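J.: below are the sequence and a predicted model for it; my questions follow.
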Amino acid sequence: MNHPLRGTFVGNSIVRLADEGVPIGALSRTFKIPYDSAHGIVRQALEDGVIVDMPAADWPAGSRLRQPTTKPIRLEARPDFLMSCKVAFGLTPAEGRLLQCLMQARACTKPHLHAVVAPEAEPKIIDVFVCKIRSKLSKFQVRIETIWGQGYAMPEESKRQLMARIGGAP
């Protein structure tokens, strides 16, 4: 019996990715379908001879913890800047370090920020920190822009407004 998704865009995509070795668990999460459905599509493709090997059930344990592939940013210890950010905006030390990176550079990649701010945490934490910082700084008209697929940047005007608020240099 044919699987209902077989022949659809989703079904064809699952088969092609399974043929590339993407595990079934990753496919079910990506396409937001139950594991059994993804497994059924791949099993049927295997039985029909469309693919030659059944992919793994999921990625190996620990494979989601990637190391940054870029050199870390050199960030000076600036307790005065971090304290000013805490007092003026209510930022945590990690949020202050991320803000300091954005102040020093024209733009920062997510791996750079991850290496400086929270290398022990999942890389997604950078997005969480940026969201929290944006919310705390929005009432002061300080913006952090997203560079889609790359990282983040702070416009020069926002840098000036931030420094006028706390004084000093990042």
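T.: Nice, I can see it. Bear in mind that the values here come from a model prediction, so they are computed numbers and not experimental data.
J.: how about stretch 148-159: buried residues?
T.: Along stretch 148-159, the positions that meet the burial threshold by neighbour count (16 or more other C-beta atoms under 10 Å) are 151-154, 158-159. Glycine gets a C-beta too; all of them are placed from N, C-alpha and C.
J.: what of stretch 89-103?
T.: Applying a neighbour-count criterion of 16+ other C-beta under 10 Å, the buried positions in stretch 89-103 are 89, 91, 94-103.
J.: this structure: strands as residue ranges?
T.: Using DSSP state E, the strands of the chain run over 108-109, 145-147, 151-153.
J.: okay, buried residues for the second one please.
T.: Think strand 145-147. Counting neighbours, the buried set in strand 145-147 is empty (16+ other C-beta under 10 Å).
J.: dump the strands of the chain to CSV, plus distance to D127.
T.: Conversion of the strands of the chain to CSV gives the following (distance: least, C-beta to C-beta, whole Å):
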stretch, distance to D127
strand 108-109, 13
strand 145-147, 9
strand 151-153, 9
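J.: centroid-nearest residue for the protein?
T.: K124 (3.9 Å; C-alpha atoms, centre = their mean).
J.: what's the neighbour count on the nearest residue to G21 once chain neighbours are set aside?
T.: The spatial neighbour of G21 that comes closest, neighbours along the chain excluded (C-beta to C-beta, 6 or more residues apart in numbering), is P55 at 5.6 Å. P55 is surrounded by 21 other residues when neighbours are defined as other C-beta atoms under 10 Å.
J.: P55 contacts R16, correct?
T.: No - contact criterion C-beta atoms under 8 Å: P55 and R16 do not qualify, at 11.6 Å.
J.: could I get the contacting residues of the residue nearest to A118 when sequence neighbours are not counted?
T.: The shortest distance from A118 to any residue that is not its chain neighbour, by C-beta to C-beta, 6+ apart, is 5.1 Å, and that residue is I125. The neighbours of I125, taking C-beta atoms under 8 Å, 6 or more residues apart in numbering as the test, are 114, 117-118.
J.: equivalent analysis for V87, please.
T.: Residues counted as contacts of V87 (C-beta under 8 Å, 6+ apart) are I166.
J.: helices along the protein, start to end?
T.: Taking DSSP state H as the criterion, the chain carries its helices at 9-19, 24-31, 35-47, 79-89, 93-104, 110-117, 125-137, 156-166.
J.: can you redo those as JSON lines with distance to E145 and mean pLDDT?
T.: Converted to JSON lines, the helices of the chain look like this (distance: least, C-beta to C-beta, whole Å; pLDDT from 0 to 100):
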{"stretch": "helix 9-19", "distance to E145": "32", "mean pLDDT": "88"}
{"stretch": "helix 24-31", "distance to E145": "28", "mean pLDDT": "89"}
{"stretch": "helix 35-47", "distance to E145": "37", "mean pLDDT": "91"}
{"stretch": "helix 79-89", "distance to E145": "18", "mean pLDDT": "83"}
{"stretch": "helix 93-104", "distance to E145": "10", "mean pLDDT": "88"}
{"stretch": "helix 110-117", "distance to E145": "14", "mean pLDDT": "86"}
{"stretch": "helix 125-137", "distance to E145": "10", "mean pLDDT": "93"}
{"stretch": "helix 156-166", "distance to E145": "9", "mean pLDDT": "88"}
